[in-house]
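Engineer: output the structure for:
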Amino acid sequence: MNQRGNETGVNTLYWRHRVALICVGLVLVTAGLYWPVTGHDFVNIDDPRFVTENAQVQAGLTWPGVVWAFQSVYTEAWQPLTWFSHILDCQIYGLNPGGHHLTSLLWHLANTVLLFLWLNGLTKSTWRSAFVAAFFAWHPLHVESVAWVCERKDVLSAFFWLATLLAYTRYVGKPGAAAYALVLVLFALGLMSKPMMVTLPCVLLLLDFWPFNRWHVNFGATPHGRPTLADFHNPSVIRKTVFLVAEKIPFFLLVLGMTAITLFAQKAGDSLSSLASLPLKVRVANALVSYLDYLTTTFWPTGLAYFYPYSFNLPLAPVVGGALILLVLTACALARVRRQPYLLVGWLWFVGTLVPTIGLVQFCIQARADRYTYIPSIGFFMMVVWGATELAERRPAMKQFLAGLGGLALAGCLAVSSVQLSYWKDSMSLSRHAIKVTENNYVALESLGRTLSSMGQPQRAITFFAQASAVAPTWPQGQFNYGFTLGLVGQTNEAIERLRAAVNLVPGVAAGRSFLGLELLKFGRTDEALREFAAAAQLDPRSADAQLQWGTALAKNNQPAEAMPHFLEALRLEPRSPTGALAHCRLAQALQHQGKLGDAVQHFREALRQTPNLAEAKTGLDAIISAHPELR
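Structural biologist: Next up is the predicted model:
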């Protein structure tokens with residue numbers, strides 16, 4: 001008895017040590033692979049919206065910032081925890097990109113370990129779980145989610161996804177109200193990180209089927225592993241199915257709420273494509289080809305880019321091919337459902353979790369995105385690893401070959417991911433690579449143009465803006481930046497003409513009006529600029545930038561008294577931000593013009609307190625103090 005107990009204790013200790021060593025190995029190799037990202041810069045694609053030009057995020061951890069995070073649908077999504085994560089990074093690191101990248105890497109490491117621990121605890125298959133976690137950690141398709149600061153929502157939501165699965169596993173093993181509540185809370189936190197979490201309740205139902213077998217299916221009971229009609233009429237199975245679905249009702253209610261919020265945010269941001277602009281048959285064709293591309297790049301990850309242009313005229317062959325592959329693989333998984341239930345679960349996990357981003361409801365302008373595979377690929381990796389292991393067990397002669405093939409695949413993932421990661425070091429490298437591996441990539445062309453313009457090479461930038469404009473003449477962002485850069489090289493009339501054309505594409509977007517107003521103001525066309533700023537402020541009354549620009553235009557038009565209410569409104573909207581600091585400075589200038597020097601000094605000092613290197617404020621303050629030392 002004691003000997004058996006000692007043997008059990010030794011085995012348990014060995015198992016724990018093996019699990020711990022695998023966790024350490026996964027962390028060390030993954031950290032080594034991704035460590036170069038801590039020396040990378042921000043990129044000019046979406047990082048400005050999320051961090052580098054976001055005044056609320058840059059202000060750090062403040063109560064107004066927290067309130068804004070929970071109220072904002074700024075990027076066409078409600079994701080308060082993601083905003084909170086970026087705010088904390090700015091509080092800790094400021095605008096040091098290495099710190100922001102390090103945080104994303106830490107979340108990815110946590111996700112890798114959580115995935116391994118969850119799978120291992122669930123199936124007691126340590127090496128299979130380790131392989132799945134390694135593929136998840138090192139696959140090139142996942143580089144985008146880790147290396148792109150603005151995609152913090154991917155790694156953050158995946159953490160809550162996996163934490164929810166861990167909590168659900170505990171609840172299934174030991175049901176109770178507290179355990180159930182924990183699962184629901186973690187799911188809600190995941191939804192607050194990224195709306196793509198909406199598919200998780202369906203995945204829980206899949207896990208109820210396998211490996212939990214809460215449906216009470218008699219696996220392996222029929223020849224060839226095929227289900228029979230009796231399975232669908234079994235009263236016990238029907239009752240169990242009804243119970244399991246009812247158990248998920250609170251989860252589905254949260255999904256409905258998040259779906260409504262997301263649709264509202266997308267419509268408010270004018271990023272939800274209509275059926276008139278993007279017909280259903282085009283969406284279905286793109287979805288089928290995207291599934292085919294996701295499968296292809298999972299096995300052979302080459303030609304990866306951060307943006308894949310949408311095609312309205314896809315060839316028939318890949319569309320039909322995508323449909324056939326989906327049908328064949330689904331049929332094969334169903335045919336083997338009794339003998340190999342993990343095939344169906346893994347396949348439906350992969351296909352189902354991609355549904356919100358596959359383009360049937362088109363939110364953005366890309367055909368597909370590597371980052372969308374971050375969670376779906378887990379199901380696919382489970383299917384492949386479990387299937388290969390079972391094949392090796394049935395045919396021992398193939399065991400060494402399959403083990404070697406698995407090791408070679410992981411080594412290949414490490415090598416390709418390392419190369420893919422190098423393209424993310426800065427905007428220049430990222431855009432050039434995307435242009436190289438894709439055709440007519442107007443987003444990458446425009447990004448490269450902005451990069452060159454920011455480096456003081458506007459003439460070179462215009463070449464790429466012109467190419468982007470030729471490919472996508474109805475894309476407002478490309479037209480705006482093209483017009484702005486034409487203005488930099490002195491082509492005033494062409495610049496304003498281009499900007500007006502861009503505004504006509506999106507007449508209801510306040511930022512476009514402000515952009516045009518700034519250019520008009522730069523070239524002395526103040527009356528026209530005032531009309532654009534007034535329109536921008538009317539379209540977006542909560543925009544501090546629009547108020548600041550409107551006030552600035554009035555001040556330049558020798559109307560300081562009329563300008564002051566707009567500066568005060570900008571301060572009310574954003575009291576502590578770069579915009580707020582500039583509003584203090586412009587208000588001080590207006591007060592100085594009216595002879596209210598004491599008040600002007602206070603606002604100049606507040607501007608410098610918030611932004612110490614604001615030359616405009618320093619010059620104004622020095623001029624007053626020099627002429628009136630008593631105000632020092």
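
Engineer: quick check: which element contains L408?
Structural biologist: helix 399-422 (DSSP states H and E).

Engineer: buried residues, that helix. List them.
Structural biologist: Using 16 or more other C-beta atoms under 10 Å as the burial criterion, the residues of helix 399-422 that qualify are G406, A409, L410, C413, L414, V416, S417, S418, Q420, L421, S422. Just so you know, the C-beta spots here come from the backbone N, C-alpha and C atoms, and that holds for glycine as well.

Engineer: the residues you listed into CSV, with extra columns for distance to Q477 and pLDDT?
Structural biologist: Shown next, in CSV, are the buried residues of helix 399-422 (distance: C-beta to C-beta, whole Å; pLDDT from 0 to 100):
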residue, distance to Q477, pLDDT
G406, 44, 92
A409, 39, 96
L410, 39, 97
C413, 34, 97
L414, 36, 97
V416, 31, 97
S417, 30, 97
S418, 32, 97
Q420, 25, 97
L421, 27, 97
S422, 27, 97
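
Engineer: now P356: how far from M197?
Structural biologist: As judged by C-beta to C-beta, to the nearest Å, P356 and M197 stand 9 Å apart.

Engineer: the two: which has the busier surroundings?
Structural biologist: M197 (27 against 19; other C-beta atoms under 10 Å).

Engineer: for L597, see how far away the more buried one is.
Structural biologist: With distances taken as C-beta to C-beta, M197 is found 56 Å from L597.

Engineer: and what of L414?
Structural biologist: Counting by C-beta to C-beta, the gap from L414 to L597 is 65 Å.

Engineer: repeat for H216
Structural biologist: For H216 relative to L597 (C-beta to C-beta), the value is 84 Å.

Engineer: again with L81
Structural biologist: From L81 to L597 the distance is 47 Å (C-beta to C-beta).

Engineer: more neighbours, these two?
Structural biologist: Applying other C-beta under 10 Å to L81 and L597 shows that L81 carries more neighbours, namely 20 against 17.

Engineer: tell me which element the more buried one falls in.
Structural biologist: Residue-wise, L81 maps onto helix 80-93 under DSSP H and E.

Engineer: and G524, its phi and psi?
Structural biologist: Main-chain torsions, G524, degrees, to the nearest 10: phi 80, psi 10.

Engineer: check Q366 too.
Structural biologist: Per-residue torsions, Q366: phi -90, psi 150 (degrees, to the nearest 10).

Engineer: that one is in contact with D293, isn't it?
Structural biologist: No. Using C-beta atoms under 8 Å, Q366 is not in contact with D293; the gap is 11.9 Å.

Engineer: all helices for the stretch 251-400 of the chain, in order.
Structural biologist: Secondary structure of the stretch 251-400 of the chain (DSSP state H, counting those that start in this stretch): helices at 280-299, 316-335, 341-353, 376-394, 399-422.

Engineer: closest to S193 out of those helices?
Structural biologist: Between S193 and the helices of the stretch 251-400 of the chain, the shortest gap by C-beta to C-beta is with helix 341-353, which sits at 15.0 Å.

Engineer: and that closest one, C-alpha only, in CSV?
Structural biologist: As requested, the backbone C-alpha atoms of helix 341-353 are provided in CSV (Å, rounded to 0.1, in the frame of the first residue of the first chain):
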residue,chain,number,x,y,z
PRO,A,341,-14.6,13.5,-32.5
TYR,A,342,-11.7,16.0,-32.1
LEU,A,343,-11.6,16.4,-35.9
LEU,A,344,-15.1,17.8,-36.0
VAL,A,345,-14.5,20.0,-32.9
GLY,A,346,-11.2,21.4,-34.2
TRP,A,347,-12.6,22.0,-37.7
LEU,A,348,-15.8,23.7,-36.5
TRP,A,349,-13.7,25.8,-34.0
PHE,A,350,-11.5,27.0,-36.9
VAL,A,351,-14.3,27.7,-39.4
GLY,A,352,-16.8,29.0,-36.8
THR,A,353,-14.6,31.5,-35.0
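
Engineer: flag the helix or strand of the chain with the lowest per-element mean pLDDT.
Structural biologist: Lowest by mean pLDDT, DSSP states H and E among the helices and strands of the chain is helix 229-233, with a mean of 54.

Engineer: that one: what's the following helix or strand?
Structural biologist: Next along from helix 229-233, by DSSP H and E: helix 235-247.

Engineer: how does the protein divide up, domain by domain?
Structural biologist: The chain breaks down by automatic domain parsing into domains covering 2-424, 440-506.

Engineer: make TSV out of these and add distance to A581.
Structural biologist: Formatted as TSV, the domains of the chain follow (distance: least, C-beta to C-beta, whole Å):
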stretch	distance to A581
domain 2-424	10
domain 440-506	22
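
Engineer: so which of those domains gets nearest L591?
Structural biologist: That would be domain 2-424 among these, by C-beta to C-beta, at 23.3 Å.

Engineer: please enumerate the helices of the stretch 1-150 of the chain.
Structural biologist: Counting by DSSP H, counting those that start in this stretch, the helices of the stretch 1-150 of the chain are 2-34, 47, 55-58, 63-71, 80-93, 97-123, 126-138, 143-147.
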